[in-house]
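Visitor: Here is the input, now give the coordinates:
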Amino acid sequence: MAEMHPLLARARERARYSQDDVGAALGVSRAMVSYWEAGSRSPNDRQLASLARLYGVELSDLLEGRDAEPVGIDLTGMLLRADNAVGPESAPGLQEFVQFLERYAELSGLTKMPIRGMTQSPYVYRSKFSQKDDARRKAEEVRAHLGLGAGPISDTDTVCEMLGITIYRAPLGGDLRKAPSGAFLNHPSVGFSILVNLDMTPGRRRFTVAHEIAHALFHSSEERWVISHGRGPREDFADEFAGEFLMPSEGVRRFMEEVGMPPRITEDVDVIHIQRYFRVSFPTALVRLKQMNAITAATYHELRREVRPVALARSLGYRIDPEEYQQDAERWRIRRFPRAFLRMLRQAVVGEVMSPPSAAAFSGLSIADVVQILGQPLAGTDEPEGTEVEFAEYEDSGVVPRA
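Guide: This is a model prediction of the structure:
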């Protein structure tokens, strides 16, 4: 048994867990984990089996003193144990997230295409600087780093790709009293990765992406994973960051001034214009304007109760996404994956590393989905004539010469 104790420390370090992480996973104190690794105490059989599963090593290797490489880390278990208040209906989605990341790392090896994932945040963060003003300041820093200025963010997935953060979507449950809105995980092979609950509304999902970016950039030095559920200083910081990141105070005030709105909003139409300009949902815009004191509490409750935002936006000439009326699960068969993974999967088929059926089986997609990823037209669909017409318009007007 004496030879096993140093192996416990090395296995833990290889799995990139702290003693606090292991203690939380097994329901013991950090001190007890330290005693095990020092050899002053020994884990019982149940605890030893849990340690082997957690570190991804064979139990027999620990018992016989063999310093073997890990065969698979129980990341799903760690995520589930990170928040005991999370309901069991969230477990399949968390498992799907971890399994996807493992397949992503495997696909990278098969295609020889590297995953350009962030593994360490370039931003300074100290827990004592976690007030609302600090969160807003950090949002401004990230926007400045990405060259986003104070205007709207067209696509949060592109932001994640620019930062080197992998984003995946899976159903975790629609009742946020029991289900998490998302999660962050620093995966040993993929790097910073975030999960978004697909059972939420489109507007809430967009907010959650920004929220999880905050965890990745500012809490990853303290935590290898975060389950976004419940309240606390860390969640408050991420919420404040998300609001400022999606709707920066300076940008909102500038837009209000330039289009002739009053400094204190009272009209539903003004909220719709702000919402559509910043590409957020009506609830997100209303909550953010209340945070900024741009509307009173009374106006907030009045507009929340009486406005039909989608119908009003349509009457004002805005294009309405069908998902604003009802979420279409079919749209997310492919879109739940990050674009870098889809490019990699496409290259695997084009480079004949995989056949379309094997790529479908590997990713969990249908063969028709894989054909669509390859850029091939589906049966019964034609390319719109507008593309060729637009080329002709450029050529006819002399913007580009004809071939």
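
Visitor: Helix or strand: which one has residue 160?
Guide: For residue 160, the enclosing helix or strand under DSSP states H and E is helix 156-163.

Visitor: angle of whatever helix or strand comes next after that helix against helix 156-163?
Guide: Remark: after helix 156-163, the chain's next helix or strand is strand 166-170, criterion DSSP H and E. Inter-element angle recorded for strand 166-170 and helix 156-163: 150 degrees (by axes from the mean of the first three to the mean of the last three C-alpha atoms, to 10 degrees).

Visitor: partners of the following helix or strand past strand 166-170, with directions?
Guide: Using DSSP H and E, the helix or strand that follows strand 166-170 in sequence is strand 182-187. Strand pairing for strand 182-187, determined by DSSP bridges: strand 191-197 (antiparallel), strand 225-228 (antiparallel).

Visitor: Mean pLDDT, distance to residue 112 and mean neighbour count added to the ones you listed, as a markdown table?
Guide: Glycine gets a C-beta too; all of them are placed from N, C-alpha and C. Shown next, in a markdown table, are the strands paired with strand 182-187 (pLDDT from 0 to 100; distance: least, C-beta to C-beta, whole Å; neighbours: other C-beta atoms under 10 Å):
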| stretch | mean pLDDT | distance to residue 112 | mean neighbour count |
| --- | --- | --- | --- |
| strand 191-197 | 95 | 18 | 26 |
| strand 225-228 | 79 | 29 | 24 |
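
Visitor: closest one to residue 327 among these?
Guide: Closest of those to residue 327 is strand 191-197, at 12.0 Å (criterion: C-beta to C-beta).

Visitor: Around residue 162, how many other residues sit close by?
Guide: Residues near residue 162, counting by other C-beta atoms under 10 Å, number 12.

Visitor: same question, residue 176
Guide: Residue 176, neighbours per other C-beta under 10 Å, totals 16.

Visitor: Next, the contact list for residue 132, please.
Guide: Residue 132 makes contacts with 236, 240, as judged by C-beta atoms under 8 Å, 6 or more residues apart in numbering.

Visitor: any idea how far it lies from residue 243?
Guide: Residue 132 sits 10 Å away from residue 243, going by C-beta to C-beta, to the nearest Å.

Visitor: Show me what the helix holding residue 160 is packed against.
Guide: Here helix 156-163 touches helix 132-146, strand 166-170, helix 202-218, helix 339-350, going by 3 or more C-beta pairs under 8 Å, 6 or more residues apart in numbering; DSSP states H and E.

Visitor: and the shortest one, how far out from the chain's middle?
Guide: The one in question is strand 166-170. Between the mean C-alpha location of strand 166-170 and the chain-wide mean there is a distance of 5 Å, by C-alpha atoms, centre = their mean, to the nearest Å.

Visitor: what's next to that strand, contact-wise?
Guide: Against strand 166-170 from outside (C-beta under 8 Å, 6+ apart): 92-94, 96-97, 100-101, 104, 115, 117, 156-157, 160, 187, 190-198, 205, 209, 212, 332, 335-338, 340-341.

Visitor: try 7 Å
Guide: Applying C-beta atoms under 7 Å, 6 or more residues apart in numbering, the contact partners of strand 166-170 are 93, 96-97, 100, 117, 157, 160, 190, 193-196, 198, 209, 332, 336-338.

Visitor: In ChimeraX, select just the buried ones from these.
Guide: The command below creates a ChimeraX selection of those among the contacts of strand 166-170 that count as buried (16 or more other C-beta atoms under 10 Å):
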select :93,96,97,100,117,160,190,193,194,195,196,198,209,336,337,338
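
Visitor: now the end-to-end length of stretch 242-254.
Guide: One end of stretch 242-254 sits 19 Å from the other (C-alpha to C-alpha, to the nearest Å).

Visitor: buried sites along it?
Guide: 242, 243, 244, 245, 246, 247, 248, 249, 251, 252.

Visitor: Would you pull up how far that stretch lies from the middle of the chain?
Guide: With C-alpha atoms, centre = their mean, you get 20 Å for stretch 242-254.

Visitor: Go ahead and name everything in contact with that stretch.
Guide: Contacts of stretch 242-254 (C-beta under 7 Å, 6+ apart): 135-136, 139-140, 142-143, 150-151, 153, 207, 210-211, 214, 274, 278, 280, 284-285, 288, 291-292.

Visitor: Just give me the closest of the buried residues of stretch 242-254 to residue 111.
Guide: residue 245 (32.5 Å).

Visitor: Outside of the helix or strand where residue 11 lies itself, which residues are in contact with it?
Guide: In the assignment (DSSP H and E), residue 11 maps to helix 4-14. Contacts with helix 4-14, where a contact means C-beta under 7 Å, 6+ apart, come from 22, 36-39, 51, 55, 57, 62-63, 65, 67, 70.

Visitor: what's the burial count for residue 308?
Guide: The tally of other residues near residue 308 (other C-beta under 10 Å) stands at 11.

Visitor: For residue 271, see how far away it is.
Guide: Taken as C-beta to C-beta, the span from residue 308 to residue 271 is 12 Å.

Visitor: do the same with residue 25
Guide: 45 Å.
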